[in-house]
Structures are given as C-alpha cells and as structure tokens.
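S.K.: fold the following, please.
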Amino acid sequence: MPELPLDALHVLSAVADSGSVAAASARLGVSPQAVSARVRAVERRVGVRLFDRTTSGMSPTDDGRRVTAWADELLAAAAVFADRLDSLTPGPGRRIRVAASLTVAEHLVPSWMVESAATGDVVDLAVVNSSEVVERVRNGTVDLGFVETTDVPTDLESRVVARDELVLVVPPGHELARTGGVRLADLAAMPLIAREAGSGTRTSFERLCAEHGIARTAPPLHVVPTSAGVRAAVIAGTGPAVLSVLAVRDDIALGRVTQVRVEDVRLVRPLSAVWRSGSTLTGLARDFLDVALRTSAPGR
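M.R.: Numbers count the residues shown, from 1 in each chain. As a prediction, the model looks like this:
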C-alpha cells in the first residue's frame, strides 16, 4: 500500500482547488516545477493518473477527485491532531490571519482582538472589502474572514455572527429630511455617495434591492474608498448615502447627519464568518470565531 507524506497531500489539494500548477505554487509558496514534480511522483506512487492536463490548467480525473477528497479528510484530521497536541502545552503566542470587511473591522473586530490578546494570542488583521476577503480565504492567505454581504459564496463555509441594518442618511436640512420617509424604489433610483464596487455595504444594498424586485440601482453620485469618507461627504452636505447603522449611529445621535426612514422595508443584512470549504476550524481560528459568536450574537 503506497504511503504519502502530508506535504504531498497538501500539493494535491491545492492543485485540485485552484485548477492550475501556477495557482497552487502561489498558494503553497513553492515553485511551479516543484508542484508538477510532486504531482507526477504521487501519480507514479499510486499508479493512476490523478489530473487531466490542458492548456488552461489541470482538472482532477475521477480517480483524482476520489484521492483528493481522501487527502482533504486526512489533512483535516491532521489539523485536529496538531491542535490537540498544542492543547497539551497551552501558552501564549498563537497567531491567526484574519481578513475583515471595513464595517466589521472598524466596529466589531477590535473587541474580539482585545479578548484574544488577553490570552497572549496574536491576530494579524487585513482590512479589505468583502470581495477581497473572499478571495483571500479562497487562496489560503488568511485563516478566517468576515464579510458583510447578503450572498456568501457557496464554495465557502460560513456562519452568521451578527446582523446589521443599512440606513439612509442625509445632511441636516436636506430636502429628504423634511419628507419623513422614502420608499425603497425611490431610494434605488437616487444617486448616492457610495463605496467602490465590491464593497460589502454597496453590494448588500444592491442585493437587498434585487430581493425586493428592484433590478437596478442608480449610478453613484460619488465613489469614496472608505466608510469614513462617505460619512464625511454626507456631513459636508455633498449628498445622501446608505451606510451601516454601526458606522453612523454616533453621527445620528449628535445631529451631524439625519436618518431618513425607508418606509416599506428594513434593510437588514447578515455579517458572516467565512473559511475554506471542507476545512475544520481549529486552534485560534476556532477560538476567535467563538469570541465573535459570543459577543455579537445574531439579532443584536
């Protein structure tokens, strides 16, 4: 019976997931030549062809799909085993790589990091938009991601950690502040100050509109790269915006902006943790998710 080392299983899994030698080599941090040589060596060892090679990449054969599925099971078990070994000698210094969308990173992650830091754990945080969080989770450059989209990709594992509401805010004295409210269809037709395409807040608003039968939203009045920049533009009188209530609740309370009620719906979206499909969260990644769930329960 052929025996394969864990590093060979990691190579098979990376090639099957990414679909090419180049993408697998980037994920694993080794040369494409080393990846190709490793795959060929495994195929010789097991005696079957595991991948079809084409000009566009590599795809698993039927045998390859079976072998890589078994490999993923072993890798998950090995991760659990390593985590249990670590638990025998607990101590500070564990490290986790996290990517979070801007709203989550600014308003929720800091308290989670404080709790982790109390035990000596280290969280390396990347603050990017939701689409970039998804890509970093997919390519394995982070252990855990947090996104604010209403439609989490089905190729990732996910868990809702909180719920957030999007609200319409305008400068004080804006004509919308005097109307008392606006319907969603009228809001969707309104040019807004917005984040870039791919940001969680903008994507969530567009998809929530679509869920209510509104296929298109108006092009943005202005595109601003951060939520803080959108808030500042509204405060300065540039125009209206749809933002997370987490981002503007202090501004609303202090009168810097005015919230305008959306009359016919509430724009509520999930905030979700995401990680690679088929993998089991262990160690600090599991503990960090537990903190997020405990301190930001859905519905708060």
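
S.K.: count of residues packed around residue 35?
M.R.: Residue 35: 25 surrounding residues under other CB atoms under 10 Å. Using the backbone N, CA and C atoms, a C-beta is placed for each residue, glycine as well.

S.K.: for the longest strand belonging to the chain, what is the average pLDDT?
M.R.: The longest strand of the chain (DSSP state E) is strand 156-170. Strand 156-170 shows a mean pLDDT of 93.

S.K.: so which bits of it are buried?
M.R.: 156, 158, 160, 161, 162, 164, 166, 167, 168, 169, 170 (16 or more other CB atoms under 10 Å).

S.K.: output the longest helix belonging to the chain.
M.R.: The residue-count maximum for a helix in the chain (DSSP state H) belongs to helix 62-88.

S.K.: just checking, next helix/strand downstream of the helix or strand bottoming out on mean pLDDT in the chain?
M.R.: Here the helix or strand of the chain ranked lowest by mean pLDDT, DSSP states H and E is helix 62-88, holding a mean of 78. Counting by DSSP states H and E, the element after helix 62-88 in chain order, helix or strand, is strand 95-100.

S.K.: restricting to C-alpha, output that following strand in CSV.
M.R.: Extracted C-alpha coordinates of strand 95-100, given in CSV (Å, rounded to 0.1, in the frame of the first residue of the first chain):
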residue,chain,number,x,y,z
ARG,A,95,-1.2,33.5,15.7
ILE,A,96,-4.2,33.8,13.3
ARG,A,97,-4.5,35.6,10.0
VAL,A,98,-7.9,37.4,9.6
ALA,A,99,-9.4,39.5,6.8
ALA,A,100,-12.4,41.6,7.5
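
S.K.: from the contact counts, what lies against that strand?
M.R.: helix 109-117, strand 122-127, helix 130-138, strand 144-147, helix 283-295 (3 or more CB pairs under 8 Å, 6 or more residues apart in numbering; DSSP states H and E).

S.K.: quick one, which of those gets closest to residue 242.
M.R.: helix 130-138 (15.3 Å; CB to CB).

S.K.: where are the low-confidence patches of this protein?
M.R.: 1-2, 80, 82-93, 118-119, 297-300 (pLDDT under 70).

S.K.: could you list the domains of it?
M.R.: Listed by automatic domain parsing, the domain ranges of the chain are 6-88, 95-162+270-295, 165-268.

S.K.: most tightly surrounded among those domains?
M.R.: Counting by mean count of other CB atoms under 10 Å, domain 95-162+270-295 has the highest mean neighbour count of the domains of the chain, with a mean of 19.

S.K.: that one spans what distance, first to last residue?
M.R.: Criterion CA to CA, to the nearest Å; first-to-last residue distance in domain 95-162+270-295 is 20 Å.

S.K.: how far away from the center of its chain is it?
M.R.: Here domain 95-162+270-295 shows a centroid-to-chain-centroid distance of 7 Å under the convention CA atoms, centre = their mean, to the nearest Å.

S.K.: just to revisit the earlier point, other SSEs contacting the longest strand of the chain?
M.R.: Using 3+ CB pairs under 8 Å, 6+ apart, strand 156-170 sits against helix 130-138, helix 200-211, strand 241-244, helix 245-254, strand 258-260, strand 267-276, helix 283-295.
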